[in-house]
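Novice: I would like to see how this sequence folds:
(chains A and B)
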Amino acid sequence: MTFSITTWNVNSIRMRLDGLKHLIEAENPDVICLQETKVQDHLFPKDDITSMGYPHQAISGMKGYNGVAILSKVPLIDPEPLHWCEKEDCRHLFAGVNAGDELGELEVHCLYIPAGGDIPDPLKNPKFAHKLAFLDEQAHWWAARGEQGPERVLVGDFNVAPLISDVWSHARLKNVITHTEIEIIALAALQKSGHWVDAMRHLIGEEVPAYTWWSYRAKDWETANKGRRLDHMWVSPGLKSLLKNVSILKEARDWAPPSDHVPVTLCLSQK
DNA sequence: ATGGTAGGTACCCTA
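Specialist: Numbers count the residues shown, from 1 in each chain, chains lettered A, B, ... in the order given. You can find the predicted model right below:
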(Lines give C-alpha, C1' and ligand atoms only; values in the text may rest on other atoms or scores of the structure.)
Protein backbone atom coordinates (compact mmCIF):
# COMPACT_ATOMS: atom_id res chain seq x y z
CA MET A 1 0.00 0.00 0.00
CA THR A 2 1.50 3.30 -1.11
CA PHE A 3 0.58 6.94 -0.79
CA SER A 4 1.73 9.37 -3.46
CA ILE A 5 1.73 13.15 -3.52
CA THR A 6 2.64 15.57 -6.29
CA THR A 7 3.71 19.21 -6.11
CA TRP A 8 3.48 21.46 -9.16
CA ASN A 9 3.75 25.19 -9.74
CA VAL A 10 1.27 25.46 -12.62
CA ASN A 11 1.61 29.18 -13.42
CA SER A 12 -2.17 29.57 -13.81
CA ILE A 13 -4.42 26.55 -13.22
CA ARG A 14 -6.80 27.74 -15.94
CA MET A 15 -3.98 27.52 -18.51
CA ARG A 16 -2.88 24.12 -17.20
CA LEU A 17 -6.00 21.91 -17.19
CA ASP A 18 -4.70 19.77 -20.09
CA GLY A 19 -1.37 19.53 -18.30
CA LEU A 20 -3.12 18.46 -15.12
CA LYS A 21 -4.82 15.64 -17.07
CA HIS A 22 -1.44 14.54 -18.43
CA LEU A 23 0.04 14.61 -14.95
CA ILE A 24 -2.77 12.43 -13.61
CA GLU A 25 -2.36 9.96 -16.48
CA ALA A 26 1.38 9.78 -15.84
CA GLU A 27 1.48 9.65 -12.03
CA ASN A 28 -2.06 9.11 -10.70
CA PRO A 29 -1.15 10.61 -7.31
CA ASP A 30 -3.46 10.48 -4.30
CA VAL A 31 -2.92 14.18 -3.54
CA ILE A 32 -1.79 17.09 -5.74
CA CYS A 33 -0.46 20.39 -4.33
CA LEU A 34 -0.55 23.32 -6.74
CA GLN A 35 1.10 26.73 -6.54
CA GLU A 36 0.56 29.89 -8.59
CA THR A 37 -3.02 28.97 -9.41
CA LYS A 38 -3.61 32.69 -10.12
CA VAL A 39 -7.35 32.54 -9.67
CA GLN A 40 -9.93 33.67 -7.15
CA ASP A 41 -11.72 30.86 -5.32
CA HIS A 42 -15.10 31.43 -6.99
CA LEU A 43 -13.46 31.04 -10.44
CA PHE A 44 -11.40 27.93 -9.56
CA PRO A 45 -12.14 25.16 -12.12
CA LYS A 46 -13.43 22.74 -9.50
CA ASP A 47 -15.82 20.84 -11.76
CA ASP A 48 -13.12 20.08 -14.36
CA ILE A 49 -10.83 18.81 -11.63
CA THR A 50 -13.60 16.79 -9.96
CA SER A 51 -14.17 15.02 -13.26
CA MET A 52 -10.44 14.19 -13.37
CA GLY A 53 -10.92 12.17 -10.16
CA TYR A 54 -10.09 14.79 -7.53
CA PRO A 55 -13.40 15.85 -5.96
CA HIS A 56 -11.82 16.93 -2.67
CA GLN A 57 -10.29 20.37 -3.14
CA ALA A 58 -8.94 22.93 -0.72
CA ILE A 59 -8.19 26.27 -2.35
CA SER A 60 -6.74 29.61 -1.32
CA GLY A 61 -6.59 31.99 -4.24
CA MET A 62 -6.57 35.67 -5.15
CA LYS A 63 -6.83 37.76 -8.29
CA GLY A 64 -3.87 37.58 -10.65
CA TYR A 65 -1.04 36.42 -8.39
CA ASN A 66 0.01 33.53 -6.15
CA GLY A 67 -2.67 31.05 -5.05
CA VAL A 68 -2.34 27.50 -3.70
CA ALA A 69 -4.58 24.43 -3.86
CA ILE A 70 -4.66 20.87 -2.55
CA LEU A 71 -6.51 18.33 -4.71
CA SER A 72 -7.29 14.89 -3.35
CA LYS A 73 -8.99 11.61 -4.19
CA VAL A 74 -9.92 11.17 -0.52
CA PRO A 75 -11.46 13.69 1.88
CA LEU A 76 -9.35 16.58 3.16
CA ILE A 77 -9.63 17.17 6.89
CA ASP A 78 -9.93 20.73 8.28
CA PRO A 79 -8.21 22.59 5.45
CA GLU A 80 -6.81 25.93 6.57
CA PRO A 81 -5.06 28.76 4.72
CA LEU A 82 -2.24 30.53 6.53
CA HIS A 83 -0.93 34.04 5.93
CA TRP A 84 2.54 35.42 6.54
CA CYS A 85 4.33 38.75 6.97
CA GLU A 86 1.00 40.50 7.58
CA LYS A 87 -0.07 39.93 3.99
CA GLU A 88 -3.13 38.15 2.60
CA ASP A 89 -1.25 36.72 -0.34
CA CYS A 90 -2.37 33.06 -0.52
CA ARG A 91 0.94 31.22 -0.25
CA HIS A 92 0.21 28.48 2.29
CA LEU A 93 -2.58 25.97 2.71
CA PHE A 94 -2.66 22.81 4.76
CA ALA A 95 -5.05 19.96 5.40
CA GLY A 96 -5.18 16.52 6.97
CA VAL A 97 -5.49 13.49 4.74
CA ASN A 98 -5.99 9.83 5.56
CA ALA A 99 -3.11 8.11 3.76
CA GLY A 100 -4.40 4.59 4.34
CA ASP A 101 -4.48 2.03 7.15
CA GLU A 102 -0.72 1.70 7.42
CA LEU A 103 0.32 5.34 7.15
CA GLY A 104 -2.63 6.88 8.96
CA GLU A 105 -3.38 10.59 8.95
CA LEU A 106 -0.85 12.97 7.45
CA GLU A 107 -0.81 16.76 7.55
CA VAL A 108 -0.12 18.08 4.04
CA HIS A 109 1.26 21.60 3.66
CA CYS A 110 1.30 23.31 0.26
CA LEU A 111 3.68 26.28 0.22
CA TYR A 112 4.66 29.01 -2.23
CA ILE A 113 7.62 30.99 -0.93
CA PRO A 114 8.09 34.50 -2.44
CA ALA A 115 10.41 34.61 -5.45
CA GLY A 116 12.24 37.68 -4.17
CA GLY A 117 12.75 39.86 -7.23
CA ASP A 118 16.09 40.48 -8.94
CA ILE A 119 18.45 42.50 -6.74
CA PRO A 120 20.05 40.21 -4.12
CA ASP A 121 20.16 42.85 -1.38
CA PRO A 122 17.31 43.07 1.15
CA LEU A 123 18.16 46.72 1.85
CA LYS A 124 17.65 47.70 -1.78
CA ASN A 125 14.99 45.19 -2.75
CA PRO A 126 11.82 44.93 -0.64
CA LYS A 127 10.79 41.71 -2.42
CA PHE A 128 13.99 40.01 -1.30
CA ALA A 129 13.48 41.39 2.22
CA HIS A 130 9.97 39.89 2.14
CA LYS A 131 11.34 36.51 1.03
CA LEU A 132 13.86 36.44 3.87
CA ALA A 133 11.26 37.60 6.41
CA PHE A 134 8.86 34.93 5.16
CA LEU A 135 11.49 32.20 5.61
CA ASP A 136 12.33 33.52 9.06
CA GLU A 137 8.70 33.75 10.17
CA GLN A 138 8.02 30.20 8.95
CA ALA A 139 11.06 28.91 10.82
CA HIS A 140 9.85 30.45 14.08
CA TRP A 141 6.34 29.10 13.53
CA TRP A 142 7.51 25.52 12.97
CA ALA A 143 9.87 25.74 15.93
CA ALA A 144 7.06 26.98 18.18
CA ARG A 145 4.71 24.30 16.90
CA GLY A 146 7.07 21.55 17.98
CA GLU A 147 6.86 17.86 17.30
CA GLN A 148 3.33 17.09 18.46
CA GLY A 149 0.58 16.01 16.09
CA PRO A 150 0.53 13.76 13.03
CA GLU A 151 3.35 13.14 10.60
CA ARG A 152 3.77 16.03 8.16
CA VAL A 153 4.65 16.76 4.56
CA LEU A 154 5.75 20.23 3.41
CA VAL A 155 5.88 20.63 -0.36
CA GLY A 156 5.81 23.38 -2.92
CA ASP A 157 7.72 26.01 -4.80
CA PHE A 158 10.28 27.19 -2.25
CA ASN A 159 12.08 29.42 -4.78
CA VAL A 160 15.45 28.44 -3.31
CA ALA A 161 17.95 26.04 -4.88
CA PRO A 162 20.25 25.33 -1.92
CA LEU A 163 22.78 22.80 -3.20
CA ILE A 164 25.41 23.03 -5.92
CA SER A 165 23.66 20.08 -7.57
CA ASP A 166 20.41 22.10 -7.53
CA VAL A 167 21.66 24.61 -10.12
CA TRP A 168 23.22 24.43 -13.58
CA SER A 169 26.14 26.61 -12.47
CA HIS A 170 26.99 27.45 -8.88
CA ALA A 171 29.56 30.03 -10.04
CA ARG A 172 27.13 31.81 -12.34
CA LEU A 173 24.22 31.78 -9.88
CA LYS A 174 25.81 32.43 -6.49
CA ASN A 175 24.71 36.09 -6.69
CA VAL A 176 21.40 35.32 -8.35
CA ILE A 177 18.28 35.15 -6.19
CA THR A 178 17.30 31.51 -5.51
CA HIS A 179 20.95 30.51 -4.93
CA THR A 180 22.43 33.30 -2.75
CA GLU A 181 24.10 32.37 0.51
CA ILE A 182 21.73 34.43 2.68
CA GLU A 183 18.58 32.69 1.47
CA ILE A 184 20.23 29.25 1.51
CA ILE A 185 21.05 29.88 5.18
CA ALA A 186 17.46 31.03 5.81
CA LEU A 187 16.06 27.92 4.12
CA ALA A 188 18.39 25.70 6.16
CA ALA A 189 17.08 27.36 9.33
CA LEU A 190 13.51 26.63 8.21
CA GLN A 191 14.42 23.01 7.50
CA LYS A 192 16.05 22.66 10.92
CA SER A 193 13.15 24.35 12.73
CA GLY A 194 10.69 21.65 11.64
CA HIS A 195 13.21 18.79 11.66
CA TRP A 196 12.38 18.39 7.99
CA VAL A 197 13.91 15.68 5.83
CA ASP A 198 14.60 16.67 2.20
CA ALA A 199 12.83 13.69 0.61
CA MET A 200 14.02 14.45 -2.90
CA ARG A 201 17.69 14.51 -1.96
CA HIS A 202 17.28 11.51 0.36
CA LEU A 203 16.09 9.47 -2.63
CA ILE A 204 18.16 11.02 -5.43
CA GLY A 205 21.44 11.59 -3.55
CA GLU A 206 23.19 14.87 -2.78
CA GLU A 207 25.50 15.03 -5.77
CA VAL A 208 23.26 14.19 -8.69
CA PRO A 209 22.10 17.29 -10.62
CA ALA A 210 18.32 17.57 -10.27
CA TYR A 211 16.19 20.46 -11.58
CA THR A 212 12.47 21.18 -11.46
CA TRP A 213 12.39 24.56 -13.25
CA TRP A 214 13.68 25.86 -16.56
CA SER A 215 13.13 29.52 -17.51
CA TYR A 216 10.65 30.39 -20.23
CA ARG A 217 13.29 32.73 -21.62
CA ALA A 218 15.74 30.10 -22.85
CA LYS A 219 15.25 29.32 -26.52
CA ASP A 220 15.94 25.61 -26.21
CA TRP A 221 15.48 24.80 -22.53
CA GLU A 222 16.48 21.14 -22.82
CA THR A 223 19.71 21.68 -24.77
CA ALA A 224 20.79 24.66 -22.66
CA ASN A 225 19.60 22.81 -19.51
CA LYS A 226 20.02 25.89 -17.34
CA GLY A 227 17.70 24.50 -14.69
CA ARG A 228 17.28 24.88 -10.97
CA ARG A 229 15.62 22.77 -8.25
CA LEU A 230 13.14 25.30 -6.87
CA ASP A 231 10.42 22.81 -5.92
CA HIS A 232 10.84 20.71 -2.82
CA MET A 233 9.23 17.85 -0.93
CA TRP A 234 10.06 17.68 2.77
CA VAL A 235 8.74 15.15 5.29
CA SER A 236 8.76 14.87 9.07
CA PRO A 237 11.39 12.49 10.55
CA GLY A 238 8.89 9.69 11.21
CA LEU A 239 8.27 9.35 7.47
CA LYS A 240 11.94 9.08 6.50
CA SER A 241 11.97 5.28 6.57
CA LEU A 242 8.90 5.18 4.31
CA LEU A 243 10.39 7.20 1.44
CA LYS A 244 10.23 4.97 -1.62
CA ASN A 245 10.50 6.94 -4.84
CA VAL A 246 10.58 10.44 -6.29
CA SER A 247 9.78 11.29 -9.89
CA ILE A 248 10.59 14.61 -11.58
CA LEU A 249 8.31 14.69 -14.61
CA LYS A 250 10.72 16.50 -16.93
CA GLU A 251 8.64 15.76 -20.01
CA ALA A 252 6.01 18.16 -18.65
CA ARG A 253 8.25 21.06 -19.63
CA ASP A 254 7.29 20.29 -23.26
CA TRP A 255 3.55 20.02 -22.72
CA ALA A 256 1.59 22.67 -24.59
CA PRO A 257 1.31 25.17 -23.10
CA PRO A 258 3.99 24.41 -20.48
CA SER A 259 4.53 25.70 -16.99
CA ASP A 260 8.14 26.69 -16.35
CA HIS A 261 8.06 24.24 -13.39
CA VAL A 262 7.55 20.47 -13.75
CA PRO A 263 5.61 18.23 -11.35
CA VAL A 264 7.45 16.26 -8.67
CA THR A 265 5.83 13.15 -7.20
CA LEU A 266 6.79 11.39 -3.98
CA CYS A 267 5.75 7.83 -3.07
CA LEU A 268 5.59 6.68 0.55
CA SER A 269 5.11 3.05 1.55
CA GLN A 270 5.52 0.73 4.53
CA LYS A 271 7.24 -1.88 2.40
C1' DA B 1 26.22 43.32 -20.17
C1' DT B 2 21.79 42.59 -21.88
C1' DG B 3 17.37 40.74 -22.89
C1' DG B 4 14.99 37.05 -23.49
C1' DT B 5 9.04 34.52 -22.36
C1' DA B 6 4.64 33.65 -19.95
C1' DG B 7 0.39 34.84 -17.45
C1' DG B 8 -3.06 37.99 -15.66
C1' DT B 9 -4.58 42.40 -15.86
C1' DA B 10 -5.87 46.62 -17.60
C1' DC B 11 -2.23 49.71 -20.27
C1' DC B 12 2.05 47.23 -16.09
C1' DC B 13 2.79 43.85 -12.58
C1' DT B 14 5.10 39.41 -11.12
C1' DA B 15 7.76 35.53 -12.16
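Novice: Isn't A:M233 up against A:V153?
Specialist: Yes - with contact taken as CB atoms under 8 Å, A:M233 and A:V153 are classed as touching, separated by 7.1 Å. Where C-beta positions appear, they are placed from N, C-alpha and C, glycine not excepted.
Novice: Please, where are all the helices along the stretch 101-250 of chain A?
Specialist: A:126-145, A:170-173, A:181-193, A:199-204, A:221-224 (DSSP state H, counting those that start in this stretch).
Novice: out of the ones you listed, nearest to A:L268?
Specialist: Using CB to CB as the measure, helix A:199-204 is the one of the helices of the stretch 101-250 of chain A that comes nearest A:L268, at 8.6 Å.
Novice: so how far is the closest one from its chain's centroid?
Specialist: For helix A:199-204, the gap between its own C-alpha mean and the chain's C-alpha mean amounts to 14 Å (CA atoms, centre = their mean, to the nearest Å).
Novice: circling back: let me know which of the helices of the stretch 101-250 of chain A is tucked in deepest.
Specialist: Of all these, helix A:199-204 has the most neighbours on average by mean count of other CB atoms under 10 Å, namely a mean of 20.
Novice: got the contact list for that one?
Specialist: Helix A:199-204 is contacted by residues A:163, A:210, A:229, A:232-235, A:239-240, A:243-246, A:264, A:266 when judged by CB atoms under 8 Å, 6 or more residues apart in numbering.
Novice: same thing with stretch A:256-264?
Specialist: Taking CB under 8 Å, 6+ apart as the criterion, the residues outside stretch A:256-264 that touch it are A:6-11, A:15-16, A:18-19, A:23, A:27, A:155, A:157, A:200, A:212-216, A:230-231, A:233, A:246-253.
Novice: For whatever helix or strand A:D47 lives in, buried residues please.
Specialist: Using DSSP states H and E, A:D47 sits within helix A:46-51. The neighbour-count criterion (16 or more other CB atoms under 10 Å) identifies A:46, A:49 as the buried residues of helix A:46-51.
Novice: which residues of chain A fall in strands?
Specialist: Taking DSSP state E as the criterion, chain A carries its strands at A:2-9, A:31-35, A:56-60, A:68-72, A:76-82, A:92-98, A:105-112, A:151-157, A:197-198, A:213-214, A:227-228, A:231-235, A:243-248, A:264-269.
Novice: Out of the contacts of helix A:199-204, flag the one nearest to A:F134.
Specialist: Sorting the contacts of helix A:199-204 by how near they are to A:F134, with CB to CB, puts A:H232 at the top with 14.7 Å.
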